[in-house]
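Chemist: Sequence below, structure please.
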Amino acid sequence: MTSTLAALNTRYQLLTAYTATSKRKFYMKDQISTFTLQQGYVPLNPFQIFGFLNDTVDRNLVRQANNTLIRIANEFWVFGEVSDGVLAEIKQAKEQRKPIKYFRIENSKDIIEILNLEEVVMEKNVKTYRNLL
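Modeler: Got it, this is the predicted structure:
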C-alpha cells in the first residue's frame, strides 16, 4: 500500500516523527515537514506548531510542549546542525529509547540521511558534546 493510499485509509495510522532543528534552520520548516510526510511519517515539527509565538509565551512552557511532542513521537529525527537545544532533546529521546535519525540539508533543499555519526555537524558551542549523540 502506498503512503498516499495508506493515509486515505482511516484504519491505518501513520507513525510520527519529532523533527528537531536548530533555530538557524527555522526557514526550512516546510521542506522538513514535506520530506517527513514523503517518508510516510506525520511530522511533529515544533516550528510548524509553535513557531516562535512572537516571544509571547514563556520559553519554559514552549520547552514543556516540545518535550510532550517528543514523548508522543514514534521516532526522533534531527535535521541540520545540532544546537544546545537539539542536544537536550536528543538526550530526552535517548532516555525514552526513541529511534533517532540524523539528516543533513544540502543546497537549502536536499535532505540526506547521515549514517555515520561522525558526519553530524555540531554547532560551535556544543562540539565537545559529540559523545552524547
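Chemist: who touches residue 74 in this structure?
Modeler: By Cβ atoms under 8 Å, 6 or more residues apart in numbering, the residues touching residue 74 are 15-17, 41, 98-99. No exception for glycine: its C-beta is placed from N, CA and C like everyone else's.
Chemist: Can you lay out those as JSON lines showing pLDDT?
Modeler: Listed next are the contacts of residue 74 as JSON lines, based on pLDDT from 0 to 100:
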{"residue": "15", "pLDDT": "92"}
{"residue": "16", "pLDDT": "93"}
{"residue": "17", "pLDDT": "95"}
{"residue": "41", "pLDDT": "94"}
{"residue": "98", "pLDDT": "97"}
{"residue": "99", "pLDDT": "98"}
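Chemist: Most neighbours of all those residues, which one?
Modeler: residue 17 (25 neighbours; other Cβ atoms under 10 Å).
Chemist: coming back round to it: which one of the contacts of residue 74 is nearest residue 56?
Modeler: Residue 56 lies nearest to residue 16 out of the contacts of residue 74, by Cβ to Cβ, at 26.7 Å.
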